[in-house]
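Colleague: Sequence first, then the predicted structure:
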Amino acid sequence: MHIYDYLIVGAGLFGSVFARELTDAGFKCLIIDKRPHTGGNVYTEKREGIDVHMYGPHIFHTSDDRIWAYVNRFTKFNHYVNRPKVYYKGKIYSFPINLFTLYQLYGVKTPAEAQKKLEEVKVPIKNPKNLEEWVLSQVGQEIYEIFIKGYTMKQWMCDPKELPTFIIRRLPIRLTFDDNYFNDCYQGIPVEGYTKMMERLQAGIEVRLNTDYFANKEYFDGTARKVVFTGKIDEFFGYRFGELEYRTLRFEHEMHKGDYQGNAIINYTEYEIPYTRICEHKHFTFGQQEHTIITKEYPEAWSRGKEPYYPINNERNNKIYKQYATLSEELKDKYIFGGRLAEYKYYDMHQVIGSALAKAKKEIEFQKSTCS
Ligand code: UDP
């Protein structure tokens, strides 16, 4: 006899949304997480009255009305719009690349002048096959060197020629003065921090922290009719088809007086500076505190035991992932896999929520069909 209908492994966004939906449909869920806190990587911690994004800056954005309405059930969002700046060799640039960036670089003042300049500097590459070729074909060598090359080499620890274009295509290039990092209709930061939002999402659901699924897998599998697994899919299957690769990060937090950099995010695109960006958390909520907390983000090589942040969706890894995905299909009567790690996808938050809502809906429909 099972105690729960669903055991959810991982208290991040996928697990929490899935648990919310199944709970509201009348099923009994238990969420477990090996970390001492809830929320996965969206976790924010209050320090000196400031919500610190402990696993890197998370800016919520979506164009999906349904997902925006959904998250607004659990928190209020402020009107924060992400407008990062780039620091390169002692100068600050407007970013993502927009008309003001092109003005700073080339003195062009209108969209037509900017267009003409870009036509001059673009490298003619017909079918760009990798990240470097794609950027060169859009904006040319100089912009590539200042904004993209060093940052990308630090972040991904490889030659940008070895990276797929989709990583960079999410960044807009605009010939207007619009410097919003995202093209989405909705954007903001939870006014009381992500942790509060996650706690509301999990309201009325049993959550056990400091609880390692793999330390007692057989026992946990026995507690529920189905298991929703949101961790690393290769670990779940004992790495039998090989290990999937990730990028990881190290965060260094510092406290300072006053205002450190006047913006939430400044990217350091020079290769010689070891961190990729500095995040000043109080600017996410327009904080006026006397103190400030900043976080320097250092990319690091990943090895088992470190936190996996970004899946590296190259050919090798995608092939391995496919084998795990095929195997997971065979186990679908007992296990559901979802989220950035279990689906091995470079998801943003709204996409994780979309995936969780879709899988929860399918599951609820399945349960209804077997009951009737
Ligand atoms: N990128 C860059 N320079 C920047 C910011 C981003 O070259 O100043 C590239 C880099 O390759 C990065 C990708 O664009 O991996 C996507 O950046 P984004 O900010 O969307 O990544 P995330 O916020 O998920 O780390």
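Modeller: Thanks, I have it.
Colleague: For the stretch 51-200 of the chain, which segments count as strands?
Modeller: Assigned by DSSP state E, counting those that start in this stretch, the strands in the stretch 51-200 of the chain fall at 60-62, 85-88, 91-94, 186-188.
Colleague: wait, the stretch 201-350 of the chain
Modeller: 206-208, 224-229, 246-257, 265-268, 277-280, 291-301, 310-311, 335-337.
Colleague: need those in CSV with distance to residue 9, mean pLDDT and mean neighbour count, can you?
Modeller: From N, CA and C alone the C-beta is placed, and that goes for glycine too. What follows is those, written out as CSV (distance: least, Cβ to Cβ, whole Å; pLDDT from 0 to 100; neighbours: other Cβ atoms under 10 Å):
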stretch, distance to residue 9, mean pLDDT, mean neighbour count
strand 206-208, 11, 98, 15
strand 224-229, 5, 98, 22
strand 246-257, 18, 96, 14
strand 265-268, 32, 98, 20
strand 277-280, 29, 98, 22
strand 291-301, 25, 96, 18
strand 310-311, 18, 91, 19
strand 335-337, 10, 98, 21
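Colleague: Spit out the contact partners of residue 227.
Modeller: Residue 227 is in contact with 6, 7, 8, 9, 220, 221, 334, 335, 336, counting by Cβ atoms under 8 Å, 6 or more residues apart in numbering.
Colleague: Please flag which of the residues you listed sit within helices.
Modeller: Within those, residues falling in helices by DSSP state H are 220, 221.
Colleague: ok, residue 2 to the ligand distance?
Modeller: 38 Å (Cβ to the nearest ligand atom, to the nearest Å).
Colleague: Can you say which helix or strand has that residue in it?
Modeller: Using DSSP states H and E, residue 2 is not contained in any helix or strand.
Colleague: Phi and psi next, for it.
Modeller: Backbone torsions of residue 2, given as degrees, to the nearest 10, read phi -80, psi 140.
Colleague: Go ahead and confirm it touches residue 226.
Modeller: No: counting by Cβ atoms under 8 Å, residue 2 stays clear of residue 226, with 9.0 Å between them.
Colleague: Now do the contacts for the nearest residue in space to residue 212 that is not next to it in sequence.
Modeller: Of all residues not flanking residue 212 in the chain, residue 34 sits nearest, at 4.4 Å (Cβ to Cβ, 6 or more residues apart in numbering). Taking Cβ under 8 Å, 6+ apart as the criterion, residue 34 is in contact with 210, 211, 212, 213.
Colleague: And the residues you listed, which of them are buried?
Modeller: 211, 213 (16 or more other Cβ atoms under 10 Å).
Colleague: one step back: and residue 80, which of the strands of the stretch 201-350 of the chain is closest to it?
Modeller: Closest to residue 80 of the strands of the stretch 201-350 of the chain, according to Cβ to Cβ: strand 265-268, at 10.9 Å.
Colleague: Select the longest helix from this structure.
Modeller: If you go by DSSP H, the chain has its longest helix at helix 349-371.
Colleague: What residues sit buried inside that one?
Modeller: Buried, per 16+ other Cβ under 10 Å, within helix 349-371: 349-357, 359-360, 363-364, 367.
Colleague: what do you get for stretch 110-123?
Modeller: Within stretch 110-123, the residues that count as buried by 16+ other Cβ under 10 Å are 113, 114, 117, 118, 121.
Colleague: how long is stretch 304-322 end to end?
Modeller: 20 Å (Cα to Cα, to the nearest Å).
Colleague: Briefly note if that stretch comes near the ligand.
Modeller: No: using Cβ under 6 Å from any ligand atom, stretch 304-322 stays clear of the ligand, coming no nearer than 7.0 Å.
Colleague: chain center to that stretch: distance?
Modeller: 15 Å (Cα atoms, centre = their mean, to the nearest Å).
Colleague: Buried residues, that stretch. List them.
Modeller: Neighbour-count burial for stretch 304-322 flags 308, 309, 310, 311, 312, 313, 317, 320, 321 (criterion: 16+ other Cβ under 10 Å).
Colleague: For the stretch 101-250 of the chain, just list every one of the helices.
Modeller: Listed in chain order, the helices found in the stretch 101-250 of the chain under DSSP state H, counting those that start in this stretch are 111-121, 131-143, 150-156, 166-169, 194-201, 217-223, 233-236.
Colleague: Of all those helices, which one is nearest residue 254?
Modeller: helix 150-156 (19.5 Å).
Colleague: now check that closest one, is it near the ligand?
Modeller: Yes: with Cβ under 6 Å from any ligand atom as the criterion, the ligand is reached by helix 150-156 at 151, 152, 155.
Colleague: so what's residue 363 up against?
Modeller: Neighbour list for residue 363: 18, 22, 226, 336 [criterion: Cβ under 8 Å, 6+ apart].
Colleague: what does the stretch 51-200 of the chain have sitting close to the ligand?
Modeller: Where the stretch 51-200 of the chain comes near the ligand, counting by Cβ under 6 Å from any ligand atom, the residues are 86, 95, 147, 148, 151, 152, 155, 167, 168, 170, 171.
Colleague: how about a cut-off of 5 Å?
Modeller: 148, 151, 152, 155, 168 (Cβ under 5 Å from any ligand atom).
Colleague: quick check, nearest of those to residue 252?
Modeller: Taking Cβ to Cβ as the measure, residue 252 sits nearest to residue 155 out of those, at 16.3 Å.
Colleague: For the closest one, give me its contacts.
Modeller: Shown in contact with residue 155 (Cβ under 8 Å, 6+ apart): 247, 276, 299.
Colleague: could you redo the last one with a cut-off of 6 Å?
Modeller: Listed by Cβ atoms under 6 Å, 6 or more residues apart in numbering, the contact set of residue 155 reads 276, 299.
Colleague: again, but for residue 347
Modeller: Residue 347 touches residue 340, counting by Cβ under 6 Å, 6+ apart.
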